[in-house]
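J.: okay, structure incoming, though there's no sequence with it:
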């Protein structure tokens, strides 16, 4: 599990809730307090309190930029900047700015923080890994049809920096009324605090991002965006708490390493499947769980990897393996993958299975000679 070195890393957490001329974001300060607590947690990054700078309701660009510059100059391992505020566009240049307490939508260029200044701090930073989490929107201008999500993530792009952008379309979307946290950050905190059911042992950044994305999408909320995730491949927020007390015991063990490897987005698909199979030899239940994740749930693998995982799963848990193959045969955009999934299903027909006969009627395997259909034309066997 790859974690930042606490004493060589820095986090700057910015939350602006009170605005004189813009809609308030009451949850922004709660975001900062809770994320600060999570980052100090011994099962997460375990950052010392003096390695975290919490900036609340900043009224000047100088304050934010000075603190960020110092953190960028100091951090050697990992630099994290989190911002919860309004994102504003200069009406003339179109440049992205970050809202301050006194920011005005029509006077953005001198009442808000130009994002170009933040970008420069990141480009000059010495840290091995750099992460920006931007929980912002385009404030009032978005209501006029400006500032789509893809524009915000493009504006926030910084070379060599992993960027997560919540980017709701309007200020109303950033947090539900009365909610303790904003929508995006609330899901992030929930995952880090309580873990992911059926998830891997290590909460790598790609695993966390994909889970946040899926949860927000399922609730009909704006979908977050990301850029340059490959710059922090393998970096973890910490252990998946759904593993319970067992998680800390597994970290660093052969079993734990196989668990991590099976869920490592930086490893090749073949290595991940092999790790899951090896894990099944040690602990069948955990290996099966890892193969189910690879064949059905993981969002960062190809259909070829899903197919290999499903075929491996077939020999360990036939029902779950066939379910994975059926999913692939029905949904894969690749004709070759669909054909191979169908062939695997056909080759697995056993006595007593309900299959489709030549005339299309269901028959029980063993009561007749089963017809082996050509690849790509095999009817699905019912389980």
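T.: Okay, I see it. Just so it is clear, the model here is predicted, and its values are computed rather than measured.

J.: domain parsing for this protein?
T.: Domain assignment of the chain by automatic domain parsing yields the ranges 6-239, 252-364.

J.: got the ones you listed as TSV, with mean pLDDT columns?
T.: Below are the domains of the chain laid out as TSV (pLDDT from 0 to 100):
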stretch	mean pLDDT
domain 6-239	86
domain 252-364	79
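
J.: any chance of the ones you listed in TSV, plus mean neighbour count?
T.: Bear in mind the C-beta positions are built from the backbone N, C-alpha and C, glycine included. Formatted as TSV, the domains of the chain follow (neighbours: other C-beta atoms under 10 Å):
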stretch	mean neighbour count
domain 6-239	19
domain 252-364	18
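
J.: can you show me the strands along this protein?
T.: For the chain, strands defined by DSSP state E occupy the ranges 10-15, 52-56, 78-84, 87-89, 96-98, 113-114, 129-135, 162-165, 202-204, 225-227, 236-239, 354-356, 362-364.

J.: can you name every helix or strand that the third one contacts?
T.: In this case it means strand 78-84. Applying 3 or more C-beta pairs under 8 Å, 6 or more residues apart in numbering; DSSP states H and E, we find strand 78-84 packed against strand 10-15, helix 27-40, helix 61-74, helix 115-124, strand 129-135.

J.: any chance of a markdown table for the ones you listed, columns distance to residue 228?
T.: Formatted as a markdown table, the helices and strands packed on strand 78-84 follow (distance: least, C-beta to C-beta, whole Å):
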| stretch | distance to residue 228 |
| --- | --- |
| strand 10-15 | 18 |
| helix 27-40 | 21 |
| helix 61-74 | 17 |
| helix 115-124 | 11 |
| strand 129-135 | 9 |
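
J.: out of these, which comes closest to residue 242?
T.: Taking C-beta to C-beta, helix 27-40 is the member of those nearest to residue 242, at 15.7 Å.

J.: now do that closest one against strand 78-84, angle only.
T.: 160 degrees (axes from the mean of the first three to the mean of the last three C-alpha atoms, to 10 degrees).

J.: just checking, what packs against helix 27-40?
T.: So helix 27-40, by 3+ C-beta pairs under 8 Å, 6+ apart, packs with strand 10-15, strand 52-56, strand 78-84, helix 183-194.

J.: could these go into a markdown table alongside distance to residue 230?
T.: Putting those into a markdown table (distance: least, C-beta to C-beta, whole Å) gives the following:
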| stretch | distance to residue 230 |
| --- | --- |
| strand 10-15 | 21 |
| strand 52-56 | 26 |
| strand 78-84 | 16 |
| helix 183-194 | 20 |
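
J.: residue 104 is nearest to which of the helices and strands packed on strand 78-84?
T.: With C-beta to C-beta, the closest approach to residue 104 among the helices and strands packed on strand 78-84 belongs to helix 61-74: 14.1 Å.

J.: and the closest one, what does it pack against?
T.: By 3+ C-beta pairs under 8 Å, 6+ apart, helix 61-74 packs against strand 10-15, strand 52-56, strand 78-84, strand 113-114, helix 115-124.

J.: just send the ones you listed back as a markdown table, with distance to residue 274 too.
T.: Formatted as a markdown table, the helices and strands packed on helix 61-74 follow (distance: least, C-beta to C-beta, whole Å):
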| stretch | distance to residue 274 |
| --- | --- |
| strand 10-15 | 36 |
| strand 52-56 | 39 |
| strand 78-84 | 29 |
| strand 113-114 | 48 |
| helix 115-124 | 37 |
